[in-house]
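Q: with the sequence up front, the predicted model follows.
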Amino acid sequence: MRIVVGVGGGIAAYKACSLVRKFTETGHDVRVIPTESALQFVGKATFEALSGNPVHTGVFADVPEVPHVRIGQEADLVVIAPATADLMARAASGRADDLLTATLLTARCPVVFAPAMHTEMWEHPATIANVATLRAHGSTVMEPASGRLTGADTGPGRLPEPEEIFALASLLLERSDALPRDLEGRRVVVSAGGTREPLDPVRFLGNRSSGKQGYAMARVAAQRGAQVTLIAGNTIGLERPAAVEVVHVTTAEQMGTAVDKHSVGADAVIMAAAVADFRPVNVAAAKIKKGAHEPNSIELTKNRDILAGLVQARRDGQLGGLAIVGFAAETGDEHGDVLTHARAKLARKGCDLLVVNAVGEGKAFEVDNNDGWLLGADGTEQSLDHGSKALLASRVLDALGPLLR
Ligand code: CTP
């Protein structure tokens, strides 16, 4: 694919280098178009070396090739990172005073802006209006991350991490349309990762869930405008998604307490976590040693089912019209195939949607791609095509939207 990476003049311009690298490493043909001020932060030679293509800022280089029109027309995706307040203002008003803004005017492909600026600039009515205009024009303007900005200040306005921009940009290529802002004003709780049930201070019973699918759910929901709380069990060093509040927990009991607390007043709960069904009855205060008192078995007791508890609380009228999504990781066995087990689980759990993944043989756990089925309580069944975990998340949210009260 032909990807244009536009770079605005902000300190986060150095992170555009990793983004360019990700696109080239995944086989894309990348053209970097910085603004003049971006070159104050990162040199032209860096972008030329990383992309393997010439780099210009103005419309008067290579004039016979009409680059100010051609690059935009031929692009499959344009990603602006960092998108400064000034660059978004110029893009929103349709200016074409440099190669990047001219390219934005001629591009007919998906366009993603990854904003980076100080919190005051992000929250200024002028920027808010420009962001709304760009979204109305069909562009995807990402929610920025919160955190440390240049200098001592913190707040929303940090550039989302390159992996996150890459994940969202790849999602747009897969979806081939802009990300809808259909979850604005909604509160969504997502659980992710595996729980760990301690045996002693150094050992636990755990599972292979990486948390990647739940993180993708949270990330895509936030980028569709939702206010997202992510209840994260054990995950494999995943970055906090931009604009998502993360609550870290360890055990199934802690996850249950956190999910219950945050579901009050929420519009939807998505239980992507792999919650342990059992925990050891006895947790040793000191490390269990070999020798005279070594155990020869572990006695287990059942954990409560968080998802079933939510469904029951809703039946009891405690959670309003909360929409509830469950996940099922299944392998077929002598009693039935994956879908047979999944249909029975949906009926048993009573949630509105069940996302079904076939697991085993390198599928679903730890990997970046996923596929499966989406079963609805109304009897609908949809297959979820193979693609990134963000694509699967996006398809689930497409189905969830109409179920929100
Ligand atoms: N789940 C939960 N609490 C538990 C166990 C599971 O909330 N104690 C949720 C999971 O987050 C997931 C769904 O229930 O959304 C299905 O999880 P799964 O482990 O597949 O189902 P189980 O109920 O454990 O069924 P089984 O062990 O029979 O496959």
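A: That came through fine.

Q: quick check: what element follows the helix or strand bottoming out on mean pLDDT in the chain along the chain?
A: Least confident element among the helices and strands of the chain, by mean pLDDT, DSSP states H and E: strand 145-148 (a mean of 87). For strand 145-148, the succeeding helix or strand toward the C-terminus, using DSSP states H and E, is strand 154-158.

Q: got the contact list for residue 281?
A: 299-301 (Cβ atoms under 8 Å, 6 or more residues apart in numbering). C-beta: built from backbone N, CA, C; applies to glycine.

Q: neighbour-wise, which one of these leads?
A: residue 300 (14 neighbours; other Cβ atoms under 10 Å).

Q: how many residues are close by the nearest residue to that one once chain neighbours are set aside?
A: Nearest residue to residue 300 in three dimensions, chain neighbours excluded: residue 278, at 4.0 Å (Cβ to Cβ, 6 or more residues apart in numbering). When neighbours are defined as other Cβ under 10 Å, residue 278 has 14 of them.

Q: how much space separates residue 278 from residue 31?
A: For residue 278, the distance to residue 31 equals 54 Å [Cβ to Cβ, to the nearest Å].

Q: so which strand or helix has the closest residue to residue 203 other than its chain neighbours?
A: Spatially, and ignoring its direct neighbours in sequence, residue 203 is nearest to residue 288 (7.2 Å; Cβ to Cβ, 6+ apart). Assigned by DSSP H and E, residue 288 belongs to no helix or strand.

Q: wait, residue 288 touches residue 199, no?
A: Yes - here residue 288 reaches residue 199: they are 6.9 Å apart, a contact under Cβ atoms under 8 Å.

Q: about what we covered before: so what's the residue nearest to residue 300 bridging to?
A: Residue 278 has these beta-bridge partners by DSSP bridges: residue 302.

Q: contacts only, for it.
A: With contacts defined as Cβ under 8 Å, 6+ apart, residue 278 is in contact with 197, 205, 300-303.

Q: could I get those residues as JSON lines with pLDDT and distance to the ligand?
A: Listed next are these as JSON lines, based on pLDDT from 0 to 100; distance: Cβ to the nearest ligand atom, whole Å:
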{"residue": "197", "pLDDT": "98", "distance to the ligand": "11"}
{"residue": "205", "pLDDT": "97", "distance to the ligand": "13"}
{"residue": "300", "pLDDT": "98", "distance to the ligand": "13"}
{"residue": "301", "pLDDT": "98", "distance to the ligand": "12"}
{"residue": "302", "pLDDT": "98", "distance to the ligand": "8"}
{"residue": "303", "pLDDT": "98", "distance to the ligand": "5"}
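
Q: low-confidence ranges in the stretch 251-400 of the chain?
A: Within the stretch 251-400 of the chain, the stretches with pLDDT under 70 are 361-364.

Q: and it, which of its residues are near the ligand?
A: 252, 271, 273, 275, 277, 303, 305-307, 326-329 (Cβ under 6 Å from any ligand atom).

Q: I'd like those as JSON lines, with neighbour count appended.
A: As requested, these are exported to JSON lines (neighbours: other Cβ atoms under 10 Å):
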{"residue": "252", "neighbour count": "25"}
{"residue": "271", "neighbour count": "26"}
{"residue": "273", "neighbour count": "30"}
{"residue": "275", "neighbour count": "24"}
{"residue": "277", "neighbour count": "14"}
{"residue": "303", "neighbour count": "18"}
{"residue": "305", "neighbour count": "18"}
{"residue": "306", "neighbour count": "24"}
{"residue": "307", "neighbour count": "24"}
{"residue": "326", "neighbour count": "27"}
{"residue": "327", "neighbour count": "26"}
{"residue": "328", "neighbour count": "22"}
{"residue": "329", "neighbour count": "21"}
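
Q: so which of the residues you listed belong to helices?
A: Under the assignment DSSP state H, these contribute 252, 306-307 to helices.

Q: can you redo those as JSON lines with distance to residue 112?
A: What follows is these, written out as JSON lines (distance: Cβ to Cβ, whole Å):
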{"residue": "252", "distance to residue 112": "37"}
{"residue": "306", "distance to residue 112": "35"}
{"residue": "307", "distance to residue 112": "34"}
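
Q: out of those residues, who's nearest residue 233?
A: residue 252 (8.4 Å; Cβ to Cβ).

Q: what sits against the spatially closest residue to residue 294 that is not a sequence neighbour?
A: Nearest residue to residue 294, sequence neighbours excluded (Cβ to Cβ, 6+ apart): residue 288, at 7.2 Å. Going by Cβ under 8 Å, 6+ apart, residue 288 touches 199-200, 203, 294-295.

Q: centre of this structure to the edge, which residue is at the far end?
A: Ranked by distance from the centre of the chain (Cα atoms, centre = their mean), the top residue is residue 292, with 49.9 Å.

Q: could you look up the SS state of that one?
A: Three-state assignment for residue 292 (DSSP: H, G, I helix; E, B strand; the rest coil): coil.

Q: mind checking the backbone torsions on it?
A: Phi and psi for residue 292, reported as degrees, to the nearest 10, are phi -60, psi -40.

Q: would you mark the buried spots in the helix or strand where residue 259 lies?
A: For residue 259, the element it lies in under DSSP H and E is helix 252-263. Buried residues in helix 252-263, counted by 16 or more other Cβ atoms under 10 Å: 252-256, 258-260, 262-263.

Q: tell me, how many residues neighbour residue 11?
A: 15.

Q: model confidence for it, exactly?
A: On the pLDDT scale, residue 11 is placed at 96.

Q: so it touches residue 151, yeah?
A: No - Residue 11 is not in contact with residue 151 according to Cβ under 8 Å; the separation is 9.6 Å.

Q: of all residues in the stretch 51-200 of the chain, which one is closest to the ligand?
A: For the stretch 51-200 of the chain and the ligand, the shortest gap (Cβ to the nearest ligand atom) falls at residue 191, measuring 6.2 Å.

Q: how about that residue, secondary structure?
A: Note that with three-state DSSP, the state of residue 191 is strand.
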